[in-house]
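Participant: Give me a model of this one.
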Amino acid sequence: MPVLNRIADFAPEMAEWRRHLHAHPELRFDCHKTAAFVAERLREFGVDQVHEGIATSGIVAIIEGQGDGPTIGLRADMDALPITEETGVPHASTVPGVMHACGHDGHTAMLLGAAKYLTETRRFRGRVALIFQPAEEDGGGGEAMVREGILDRFGIGEVYALHNTPTVPLGRFVTTPGPIMAAVDTARVKVTGKGGHGAYPHSCIDPIPAMVSMVNALQTIASRNVNPLDEVVVSVTEIHAGTANNIIPETGWFGATIRTFSETVRMQVKQRFEEIVAGQATSFGVTAEVDYELGYPATVNDPDRTVFAAGVAREVAGAAGVADDAGREMGAEDFSYLLEKRPGCYLFLGQGEGAGLHHPAYEFNDEAAPFGASFFARLVERAQPV
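Facilitator: Down below sits the predicted model:
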């Protein structure tokens, strides 16, 4: 069964909603205008309940089906990124320095499309909980909504989400059982020595050689400490020190991102990171302060729910349009907090060629929206048939 005819009928409406959201992006938890737009559409559709202000600007909306049954959760993220847009489209961002460069405008439009269809048809039992979440890009809105109790409050038994990807052909679904996206941690290391004149290094304690040695040594975590079969990334992405070529600085600092899948490996990497920095600091006679922050956990799909979700995706995209054992990605996603508490599945939806995610020229492909909305709708009807 391809894209649902009724959803195909209002595809132009989804494009209008998406383009409105694209023109009015908001950051982190400050998604109040986006949430107001979403709530207005939901009430127009006739959903049964709209609960606003969750995790500052999040929404959970409830659609009642036919008769008693469980509650299935469908999630879309709403926030944008601090990027200056370079698409040149008529509906480009009207907010300087902010744009929807990751397709959350499209995710929101797809879930609104599914909501419109499900409210009209109600060919399912139990309930659907539509989760519109702020602060996926920065701030952990998923964690905040879980912490505020949405899963227990609304009796949500399982959860699903989609994310677009420009690297996959239009309308093709990609997922995998078990871990699909990595945990993401960050570290900031401040190194302090003794500053002075660049011509007299013997009277100083230079933090720069210490930092260089630390950065090099940290690469041995992946190559020599972690089992080669356990994926890990330790990337030093910032290094800052000095103000002039004739001054040895007093201090410097560097920052890193760390990606893992296993919680055991995650803790192993943290321990080795801190040990290596401390050891190198001692050898160079400097002091080092490590601020190591544990971020989003790994996104782990329930194997049974993944088989089910992939089967639904095949109804929309055909057998050849679904890759259900596609492997893992080192990116991160705060839908992980929902999947820690409830079984479910996270999938990618192809949108064809175009600029990559988080790029200033990125633009969500509106032709992908009917595929995503149809998937959500059929997922509910298959999971909770009348």
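
Participant: buried set for the longest helix seen in the chain?
Facilitator: When the chain is parsed with DSSP state H, its longest helix is helix 263-284. Under the neighbour-count criterion of 16 or more other Cβ atoms under 10 Å, helix 263-284 has Val265, Arg266, Gln268, Val269, Lys270, Arg272, Phe273, Ile276, Val277, Gln280, Ala281, Phe284 buried. Heads up, the C-betas are built off the backbone N, CA and C, glycines and all.

Participant: Now tabulate those in TSV and tack on distance to Leu42.
Facilitator: Shown next, in TSV, are these (distance: Cβ to Cβ, whole Å):
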residue	distance to Leu42
Val265	41
Arg266	38
Gln268	45
Val269	43
Lys270	42
Arg272	48
Phe273	45
Ile276	51
Val277	50
Gln280	55
Ala281	55
Phe284	59
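
Participant: Which one of those is nearest to Phe371?
Facilitator: Phe371 has its nearest neighbour among the buried residues of helix 263-284 in Arg266, at 34.2 Å by Cβ to Cβ.

Participant: how deep is the residue nearest to that closest one when sequence neighbours are not counted tucked in, by neighbour count?
Facilitator: Nearest residue to Arg266 in three dimensions, chain neighbours excluded: Thr260, at 4.4 Å (Cβ to Cβ, 6 or more residues apart in numbering). The tally of other residues near Thr260 (other Cβ atoms under 10 Å) stands at 27.

Participant: if we look at the helix or strand containing Trp17, which residues are touching it?
Facilitator: Using DSSP states H and E, the element containing Trp17 is helix 11-23. With contacts defined as Cβ atoms under 8 Å, 6 or more residues apart in numbering, helix 11-23 is touched by 34, 37, 41, 78, 89, 91-94, 99-100, 105-106, 108-110, 112-113, 116, 364, 366, 369-370, 373.

Participant: Buried by neighbour count, from those residues: which ones?
Facilitator: If we count by 16+ other Cβ under 10 Å, those have these buried: 34, 37, 41, 78, 91, 93, 99-100, 105-106, 108-110, 112-113, 116, 364, 366, 369-370, 373.

Participant: Mind jotting down where the helices sit in this structure?
Facilitator: 5-9, 11-23, 32-45, 104-121, 141-147, 150-153, 207-218, 220, 263-284, 303-317, 336-341, 369-383.

Participant: any idea how far Glu137 is from Ala101?
Facilitator: From Ala101 across to Glu137, the span is 9 Å (Cβ to Cβ, to the nearest Å).

Participant: Show me the common contact partners of those two, please.
Facilitator: The contact lists of Ala101 and Glu137 share Ala80, Leu81, where a contact means Cβ under 8 Å, 6+ apart.

Participant: When these two are compared, which one has more neighbours?
Facilitator: A count of neighbours by other Cβ under 10 Å puts Ala101 above the other of Ala101 and Glu137, at 28 against 19.

Participant: got the contact list for that one?
Facilitator: By Cβ under 8 Å, 6+ apart, the residues touching Ala101 are Ala80, Leu81, Ile83, Glu85, Leu357, His358, His359, Pro360, Tyr362.

Participant: Got a ChimeraX select line for the buried ones in those?
Facilitator: This is the ChimeraX syntax for the buried subset of these, where burial follows 16+ other Cβ under 10 Å:
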select :80,81,83,85,357,359,362
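
Participant: Can you lay out the contacts of Ala101 as JSON lines showing distance to Val191 and pLDDT?
Facilitator: Listed next are those as JSON lines, based on distance: Cβ to Cβ, whole Å; pLDDT from 0 to 100:
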{"residue": "Ala80", "distance to Val191": "35", "pLDDT": "98"}
{"residue": "Leu81", "distance to Val191": "31", "pLDDT": "98"}
{"residue": "Ile83", "distance to Val191": "31", "pLDDT": "97"}
{"residue": "Glu85", "distance to Val191": "37", "pLDDT": "97"}
{"residue": "Leu357", "distance to Val191": "33", "pLDDT": "96"}
{"residue": "His358", "distance to Val191": "30", "pLDDT": "96"}
{"residue": "His359", "distance to Val191": "33", "pLDDT": "97"}
{"residue": "Pro360", "distance to Val191": "33", "pLDDT": "97"}
{"residue": "Tyr362", "distance to Val191": "36", "pLDDT": "97"}
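
Participant: for the spatially most central residue of the chain, phi and psi?
Facilitator: With distances taken as Cα atoms, centre = their mean, the chain has Glu333 as the residue nearest its mean C-alpha position (3.0 Å). Torsion angles at Glu333 (phi, psi; degrees, to the nearest 10) stand at phi -160, psi 130.

Participant: low pLDDT regions in the chain?
Facilitator: 1 (pLDDT under 70).

Participant: what does the domain assignment say about it?
Facilitator: Per automatic domain parsing, the domain ranges recorded for the chain read 5-180+299-383, 183-294.

Participant: and the gap between Arg224 and Leu218?
Facilitator: With Cβ to Cβ as the criterion, Arg224 and Leu218 are 11 Å apart.

Participant: what does Ala281 give?
Facilitator: Noted for Ala281: a distance of 13 Å to Leu218, by Cβ to Cβ.

Participant: same thing with Ile59?
Facilitator: Distance of Ile59 to Leu218, given as Cβ to Cβ: 42 Å.

Participant: Please apply the same query to Asp304.
Facilitator: 39 Å.

Participant: Compare those two (neighbour count), which wins?
Facilitator: For the pair Asp304 and Leu218, the greater number of neighbours falls to Leu218 (23 against 12), based on other Cβ under 10 Å.

Participant: Val184 versus that one, what's the distance?
Facilitator: In this view, Leu218 and Val184 are 16 Å apart by Cβ to Cβ.

Participant: go on, His197?
Facilitator: 41 Å.
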